[in-house]
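Visitor: predicted model follows, preceded by the sequence.
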Amino acid sequence: MTVTYTLDVSKSQFSSFSKLLLRWRGSLWKTVYKELICWLCLYATLTCIYRFLLNAHQRKTFEDIAGLCFKYTDFIPLTFILGFFVSLVVNRWWDMFNNIGWIDNTALYVAAYIQGSNDDVRMIRRNIIRYLVVVQTMVFRDISPPIRLRYPTMNSLQEAGLLNEAEMIAFDGVESHHAKYWLPIHWAMVLIYQAREREYMISDGMVMDLYNRLREYRTGLATLCCYDWVPVPLAYTQVVFLTVRCYFLIALMGRQYVSTKRDIQVHSAVDLYFPLITVIQFLFYMGWMKVAEALLNPFGADADDFEVNYILDRNLQVGINIVDDAAGSLPKQEKDSFWF
Amino acid sequence: MTVTYTLDVSKSQFSSFSKLLLRWRGSLWKTVYKELICWLCLYATLTCIYRFLLNAHQRKTFEDIAGLCFKYTDFIPLTFILGFFVSLVVNRWWDMFNNIGWIDNTALYVAAYIQGSNDDVRMIRRNIIRYLVVVQTMVFRDISPPIRLRYPTMNSLQEAGLLNEAEMIAFDGVESHHAKYWLPIHWAMVLIYQAREREYMISDGMVMDLYNRLREYRTGLATLCCYDWVPVPLAYTQVVFLTVRCYFLIALMGRQYVSTKRDIQVHSAVDLYFPLITVIQFLFYMGWMKVAEALLNPFGADADDFEVNYILDRNLQVGINIVDDAAGSLPKQEKDSFWF
Amino acid sequence: MTVTYTLDVSKSQFSSFSKLLLRWRGSLWKTVYKELICWLCLYATLTCIYRFLLNAHQRKTFEDIAGLCFKYTDFIPLTFILGFFVSLVVNRWWDMFNNIGWIDNTALYVAAYIQGSNDDVRMIRRNIIRYLVVVQTMVFRDISPPIRLRYPTMNSLQEAGLLNEAEMIAFDGVESHHAKYWLPIHWAMVLIYQAREREYMISDGMVMDLYNRLREYRTGLATLCCYDWVPVPLAYTQVVFLTVRCYFLIALMGRQYVSTKRDIQVHSAVDLYFPLITVIQFLFYMGWMKVAEALLNPFGADADDFEVNYILDRNLQVGINIVDDAAGSLPKQEKDSFWF
Amino acid sequence: MTVTYTLDVSKSQFSSFSKLLLRWRGSLWKTVYKELICWLCLYATLTCIYRFLLNAHQRKTFEDIAGLCFKYTDFIPLTFILGFFVSLVVNRWWDMFNNIGWIDNTALYVAAYIQGSNDDVRMIRRNIIRYLVVVQTMVFRDISPPIRLRYPTMNSLQEAGLLNEAEMIAFDGVESHHAKYWLPIHWAMVLIYQAREREYMISDGMVMDLYNRLREYRTGLATLCCYDWVPVPLAYTQVVFLTVRCYFLIALMGRQYVSTKRDIQVHSAVDLYFPLITVIQFLFYMGWMKVAEALLNPFGADADDFEVNYILDRNLQVGINIVDDAAGSLPKQEKDSFWF
Amino acid sequence: MTVTYTLDVSKSQFSSFSKLLLRWRGSLWKTVYKELICWLCLYATLTCIYRFLLNAHQRKTFEDIAGLCFKYTDFIPLTFILGFFVSLVVNRWWDMFNNIGWIDNTALYVAAYIQGSNDDVRMIRRNIIRYLVVVQTMVFRDISPPIRLRYPTMNSLQEAGLLNEAEMIAFDGVESHHAKYWLPIHWAMVLIYQAREREYMISDGMVMDLYNRLREYRTGLATLCCYDWVPVPLAYTQVVFLTVRCYFLIALMGRQYVSTKRDIQVHSAVDLYFPLITVIQFLFYMGWMKVAEALLNPFGADADDFEVNYILDRNLQVGINIVDDAAGSLPKQEKDSFWF
C-alpha cells in the first residue's frame, strides 16, 4: 500500500519532522529493524568473544584484523553507488507510476462522444470501459503478485464478472503464443466503430480521437510490461546490494572497540559498548538501499508499492460511473453568481 | 507565498548578492534560526559543564568522547545524500508547478470557438470556466491545507458561489466512493456538445479541439493528485532528515573546544569560544535540508509554497474576463505604422 | 548580450583553447576580477600585519588561527553543492531559452493559410504578427529590466508603433487586476476567425491549426512568466552563495604562509609570498558560482544574458517579412539540375 | 537474452536478496569471474615471487613499489567516472529499448480502420504488417550481429518468406547508395492509400492517422540506427575502460601483504594471504563497468541484451493475429454483470 | 567524421576491450598524445635540472616546492567538475544530433500525399525536397566550418545546382537583415498549397499534415541555430578547461621524484624515473576533458563530429529517390507465405 505523508509536511516545522519520524508503516524503522537486530547480535557476539574468551595472543590478532577492517571500510564508496543507483531506480519507479493507466480520460471521452440513452448504446459504453479494465487486469496479473493471487487464472476474470462466457470463448479462440493484451483493446475499437455506424457518434474524427485515447491507455500498460520484462541489469543490482552488505560485514570487525595500548588506527580512547555511529550508518545506508529494493518492483506487496487492487476497482467503478450514471446529464444551467 | 527575487539577480554584482542575503521572507535565516538557537544553547550548556563543573577525570572522559565524535562525523556523508535527495525533490516540485492548471489556454479557445453574444451562449461559456475552476478547487481542497481551510466542505463551494443549488444536488446525486473530480469536467464537456448542437460552434473538429484543452487541464490536476498520493518513499525522507539531525547531535560533542595537552584529534591550539565553522556548516546543511522539507509539499503554508488561493481566484477572474468581457471584441483594424 | 564562441571550438586543438582563454567579454576573468582583487588586498593586508606588526606571542595566536582555518576549509564541500546547484540552474536557463518565443513557425503558417493580396487580408496577416510581438513585449517588460527600460509604460508600446490608439483604448477598457497578456492573443484569434469568415481561409481545420501555433507561442511566454514568478527557492540560492563566500573568507587566514618551527598543519617549508593555488581555487569556485549567478535571471543585463531587445526586433521584422513581403510568392518552377 | 528478475524482488525481504545473489545468467558472477581468476593468478604469482624468490634487497624494492602503488590507487577516482558514465549509458540503453518498435499500435489501427473480409482487403492488411516487420528486420540486420547471422543477405529475407520475388526485384530496382529502409514503409503507405481508394476506409482522416502510426514506428527504428551510428564518443569509453583496468593492475602490487618492520603505508599487521577487500572492490568496480560494457550495444549477444529475434518473430505473429485472425470479430454483446 | 565502434562491443568480452583500445581514429590516444608529449618533455626537463644542475641548497628549495605542489593538487577537485560538465555537454550534443534534420519522414509524406506522375507534379515533389535541403545547407553553412568551406557564398548553392537562377534572384529580392532560412520553407509550403489547388492532393487535412512535417523539420534546424548562438556559458567552459590544465602544470613539480632523506610528503622510497601514475591520470583527465572539448561544437572537423557533408548529400539523394523514383510504385500484391 502506498504510504502518504504529505499532510505531515505541509508546513516545514520541527513538529512535522517528529511526526514524520514516528510513523511505522513504510518507515525506515520497519524496513531495517530485522537486519539491524541481526547485525547487533553478531556484533555483540564478537564483542563478547573478544572480551571474555580470547587470550592475549588471540586478542592481538583480533585487534589486528579489526584494524585492517577499520581501514578497509574506507575503500568501499557506498554513498556514490547508492546515490546513482537510487536515482535510476526512482526514475523508473515514477515513470511506471505515470503509465499505470487511469481510465478517467478515456471514460470522459466515451461519455462525451457516444451519445444516447437506450440499452444498446449504454451497453456499448459500459463494455468499452469493461474491456479496458480487463486488459489492465491482464497486464497486472503478469507483473503483480497480489493481482496474480486475486485472479490466478483467466477464468477468475470471468468469475469476477469482468468477462462473460461468450467473451471467454472468443478470447480462448484466438491462437497465439504471446500475451493477448491487444484483444480486449481490439474489441473496444470495434465497438467504437459500431457506435459510429449506428450513428451514436456524429463524426469520423471522434472515432479517431477515441482511438487515440485508447492508444495512450494501451501504450501505458505496454510500458509497464516492458519495465517488467527488462529490469535494471541484474549485475548492477547485485553489485549494489552486495556492496552494502559486505560493508557491514566488514564493519562487524572494524568497528569493534579494542582496549589495546598499541597505536593502531581502530584504537579509541573511550569504550562506548554500543556502536552508536555505526548504527546510525546502518540506518542510513541500509534504509537508502531498502528504498531502492522496494522501488525495484513497485507492483509487489511492500508498504510503498502501488495499490494495484485499488486501482483496478476504482477504474471499473469510476469508469462505469462516468459513462453510464452521469453520461449526458447536466444540471439546469443558470446564470452564475458573478453575472452582472 | 512564493518568494520572487528574480529582479535582485538581474545583474550579477556584489550588491545584488548582499540584497539577496538580507532578505528575510523565505530566506535561509528565517528557515533555520530557531533550530540554530536551540543547537547553540545545547552547545553552550555542554561547554559550561565541561569548563566549570567537571573534575579532571570527568574532563578526560569528556575529551575522549569529543574526540570520538569529532572523528565519526566524517563517517556521515551528508553532502551526497542531500545532493541527490534535493535533486529529486526539486524535480518533483517543479513538475507539480507545471501541472498546477492555468485556465488561459482553455478560456481563449472557448472564447474563440463558441461564438455568439446572447445570454444562452454567454452562460455556456461562463459555466464552462466555472466548472473548470470548481474541479481545481476540489483538487486543491484535498492536497492543500490552506484551501481546505477556506472551503472546509463541498457546501462552502456553493456558499462561495462556485456551485449553485441544482449543481450541488446533481453533484451529491452521483454515488461513488471515489473523488468526483471528473463530474464538473463531464458537465463542461456536455456543455460544449450542446454549444455545437445549438450551432454556436461551426465544426465538429472544434468540439474535439476544446475537449483536448479540457483533457490537458484535467490531466494536470490528476497529476497533482498523484504526486500527493504517492510521495517520495517515506523511508528515503526519514533517512535524509534523520541523518542531518544526527550529524549535528554528534557535532554537539565533536566540535567542543577541549583544552588538553594530550594528543587527540579534536585538540585545537586556539580557543575560539564560538564554534564558527560548525555554525556555517549548520546554516549550510540545515538550510539545504529545509529547502527539501519545504518543497516536499509545495501546497502547504510555507513561505516558498505556491500561492494556491491566488491561483484559484485568478483563474476564475481571468477566465470570466476572457470568455465573457472580451470574447469576440476586436479593436478597429487599421494599417500598422510600419506599412509601406 | 549572448557570447558566442562556438567557432573557436570547432576544432579541438591547443590553439582553440588559448583563443578561448583570451576572450574578455563574458569570460571568467571579467566575471571574477573585481572580487579577486578585493580578496588579494585583504590577503596582503593580513600577510603584512603578520610579518611586520605582530609580536611573537601575537604571531603564535595568528598561526594557531591560521592552522584552525586551514583545517576547517575541508569541512565545506563546495564542489558538490556547486555541482548540483549549477546543474539545476543550467537546466532552468536552457528551458527558459527554449520558451523564448520565435515567431517563425506561426508566421509561416499565417502566410500559408491566409491567402490573398488585397489590403484587408494583408492587414489581417500583419496585425496577427504585430499582436504576437505585442504580447511578447508585454511579457518581457515584466521579466527583463532592459525591456522595462525601453518600454517604461504600456503607452511606450503605442509610441513605438506596436499598438495604435484604438487598440490602446480597447486594452485599457478591459478591467482586470491581472496581467492582460491574453488580450492580444485573443485579438489574433478573432482575426483568424474573421479571415475564415471572409473566406481567406479554405477550411476550419486550418483555423484550428493556426490556433495551435498561437497556443504554443503563448504557452512558451507563459512559461517564462512562471520561471520569473517561482525562482529557485531563495534559501537554496542563499546557501550556495553564502557558502562560497565563507569558504574564501576563512581561506584568507587559512592559506597564510606562517614561518613557524612548530609542527602545525598549515606550515609549509617554502615561502611563496603569492597564494597561487588559492587563487586558482578562487578562479575555479568563484567562476563556477558566477556562472550560476548570471544564469539565475537570464533576462537581465549580464554578458551571458539573452539578447531580448534583438529578439523582439527580429520577431517583428521577420514576421512582417514572412506574412507580407514574401507571402504567396514563388519563383518560377523549373526542372532541377538533377532531373533525368 | 533479457534477464528478468522482477518477481524475485516483488517483496523486499532477506530471502529475495539471497535469491537475487544466487542467480547465474546475467549475473555479476558470470560477468566478472574470468577476469577475477586472471587477476587472482597474477596476484598469487607476485605473492609467491615476493615470499619465495626474492632476496632481502629485492624484497625491499618490492615493498617500496608496493607502498607506492598502494598510495597511488587513491589518485584514481573510479567511483565518479563510473557513476557518470553508467548514468549516460543506462539512459541511452533505455531510450533504445523504447524505440525498438512494437507493432501492436499500428496493427490495432490497421485492423480498426481498414474494414472488410475479402481476400483483397485481407492481403492489404497482412502485407502492411509484413512490410513493417521487413523494415524492422532490415534495421536489426545492420545493428545486431545475431540478426545479421540469421539473415546474412537480403535474399535470406525472401527465403524466410518475408519478401516475395516481385518485391525483391522491386527492392533491387531502386538504385541508391544508402540504406533503403524507407522502401517497405513507402509500400505500406501506398497500400493504405489504395485501401482508401477502394473504399475499405471511410475517411481521409483515417489515412492520415494510420500514416502517423507508421511514422512513429519508422522514427523509432531510425533512432536505433542513429544510436548505432553515433555511439558514446570513443575516447570517453576508452578513458573509462582503461582506468578501471589500470586501477586493478596497480592494485596487483599495491595490495600485496608485505611483512616488513619498516613503517610504510602498505604495511599491515596481519597476514590475510587472500586479498579479501580488493576482491570485493574488484567485484564492485568490474561488475559496474561490465554493466556499462554490456549496455553499450544492447543489440549484441550478451545475457542482458534485448532479445531481438524474439521481437521480430513476435511482431510478425501478433501483427498477423491482430489484422487478420481477429480483425472485425467481436463477441456477442451482453449486459455486464454490474448492470442495474 | 563519426567514429562508430558499436560492433566491437556487441559482446562484452576481453577481446572486445582490446579491440576498442587499439583503435586510433577518434581515440583517446590520438586526442591526447600531443599534449602528453609536451608534458613529458617539460617533466623530463625539470627532472634533469633537479638531478644534474642544482646544488644542494637549490635542491632543497626544489624539494620544498615539489612538496607544496604535491599537497596542493588535492585541492583541485577535477573529477566532479568534469563529471558535471561532461554530463551537460553530452546532453547538448545528443540533443543537437536529434535535431539534425533527416528528410525521410517529410519525403515519405510528400510521396504519399501528392499523387500523380506527370512532369508538373514530379517537379513539385522534387522541388519541395530540394528546398528542404537548401534550408539545411543554409543553416549548416552558418554553424559548420566544413560546410562553409564547401559553400563559401550563397552563389555556390546555385553552382551546386541546389538553386536555379530564378530562385537566386527571388532569394536576393527579399530584403532582411536576418537570416532567410524561412524563405525556402515558405516556398515549399506554397508548392504544397498549389498541389492541393491543382487537385494532386485529395484533402485539406493532408496539406495541414504535410505542413506539420515541414514544421518539425524546420524547428529542428532552428534548434541547431539556437545551440550555436547560445553555447554553454563561456565562463563555465573556461573554468573547466583552465582547471584541468592548471592541475597538470602543478603536477609537473608535484610529481617529481625527490631523493631526500627529509620527511616530506612527496618523498617516495623508490625512484621510478617515469611518472607512471601521473601519466595514467593525464590520459584519464585530459581524455575526459577532450571529449567535452570535441562535443562542444559537433559541427566542426573533429573525428567525433557529425558528418554534415554526408548528411546533406544523403538527404538530397534519398529525398529525390523517395518522392520521384519510388513514388506510387508498389510491387504486385500477392498472398504472403504465411497465408492459410
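Guide: Arrived safely.
Visitor: output stretch A:49-60 in PDB with nothing but the alpha carbons.
Guide: Output in PDB follows, covering the C-alpha atoms of stretch A:49-60 (Å, rounded to 0.1, in the frame of the first residue of the first chain):
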ATOM      1  CA  ILE A  49      34.300 -13.400  22.300                       C
ATOM      2  CA  TYR A  50      36.900 -10.700  22.300                       C
ATOM      3  CA  ARG A  51      36.400  -9.600  25.900                       C
ATOM      4  CA  PHE A  52      35.800 -12.900  27.600                       C
ATOM      5  CA  LEU A  53      37.100 -15.800  25.600                       C
ATOM      6  CA  LEU A  54      40.300 -14.800  23.900                       C
ATOM      7  CA  ASN A  55      43.800 -15.000  25.400                       C
ATOM      8  CA  ALA A  56      46.300 -12.200  25.000                       C
ATOM      9  CA  HIS A  57      47.800 -13.500  21.700                       C
ATOM     10  CA  GLN A  58      44.400 -14.100  20.200                       C
ATOM     11  CA  ARG A  59      43.300 -10.700  21.200                       C
ATOM     12  CA  LYS A  60      46.300  -9.200  19.500                       C
END
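Visitor: which positions in it come out as buried?
Guide: A:50, A:59, A:60 (16 or more other C-beta atoms under 10 Å in any protein chain shown). Glycine gets a C-beta too; all of them are placed from N, C-alpha and C.
Visitor: just the helices in chain A please.
Guide: Per DSSP state H, chain A carries helices over the ranges A:14-21, A:28-48, A:56-72, A:78-98, A:104-113, A:119-143, A:145-150, A:154-159, A:165-173, A:182-197, A:204-229, A:234-254, A:276-296, A:308-320.
Visitor: closest residue of the stretch 51-200 of chain A to chain E?
Guide: Nearest to chain E, among the residues of the stretch 51-200 of chain A, is residue A:80, at 10.4 Å (C-beta to the nearest C-beta).
Visitor: if we can go back for a sec, and among the helices of chain A, the most buried is which?
Guide: Comparing the helices of chain A by mean neighbour count (mean count of other C-beta atoms under 10 Å in any protein chain shown), helix A:104-113 ranks first with a mean of 24.
Visitor: is that helix up against chain B anywhere?
Guide: Yes: Helix A:104-113 reaches chain B (C-beta under 8 Å from any C-beta of the partner chain) through A:104, A:105, A:107, A:108, A:109, A:111, A:112.
Visitor: could I get those as TSV with distance to residue A:169 and pLDDT?
Guide: Rendered in TSV, the data for the residues of helix A:104-113 next to chain B read as follows (distance: C-beta to C-beta, whole Å; pLDDT from 0 to 100):
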residue	distance to residue A:169	pLDDT
A:104	31	93
A:105	31	92
A:107	27	95
A:108	32	95
A:109	30	95
A:111	30	93
A:112	33	93
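Visitor: chain E next: which of those are close?
Guide: Okay, of those, nothing touches chain E (C-beta under 8 Å from any C-beta).
Visitor: greatest separation within those: which pair is it?
Guide: Taking C-beta to C-beta as the measure, the residues of helix A:104-113 next to chain B span a maximum distance of 12.3 Å, between A:104 and A:112.
Visitor: okay, the nearest residue to residue A:59 once chain neighbours are set aside: pLDDT?
Guide: Spatially, and ignoring its direct neighbours in sequence, residue A:59 is nearest to residue A:50 (6.5 Å; C-beta to C-beta, 6 or more residues apart in numbering or on different chains). If you check residue A:50, the pLDDT there is 88.
Visitor: and residue A:50, what does it touch?
Guide: Applying C-beta atoms under 8 Å, 6 or more residues apart in numbering or on different chains to residue A:50 gives the contacts A:59, A:62, A:256, A:258.
Visitor: from chain C, how far out is residue A:251?
Guide: 23 Å (C-beta to the nearest C-beta, to the nearest Å).
Visitor: you'd agree that residue is up against residue A:69?
Guide: Yes: proximity of residue A:251 to residue A:69 meets the contact threshold set by C-beta atoms under 8 Å, at 7.2 Å.
Visitor: which residues does the residue of the stretch 151-300 of chain A found nearest chain C contact?
Guide: Ranking the residues of the stretch 151-300 of chain A by distance to chain C (C-beta to the nearest C-beta) places residue A:205 first, at 9.6 Å. Contacts here follow C-beta under 8 Å, 6+ apart; on that basis residue A:205 touches B:204, B:205, B:208, D:205.
Visitor: now residue A:235
Guide: Neighbours of residue A:235 in contact, by C-beta under 8 Å, 6+ apart: D:26, D:27, D:28, D:31, D:287, D:290, D:291, D:294, D:304.
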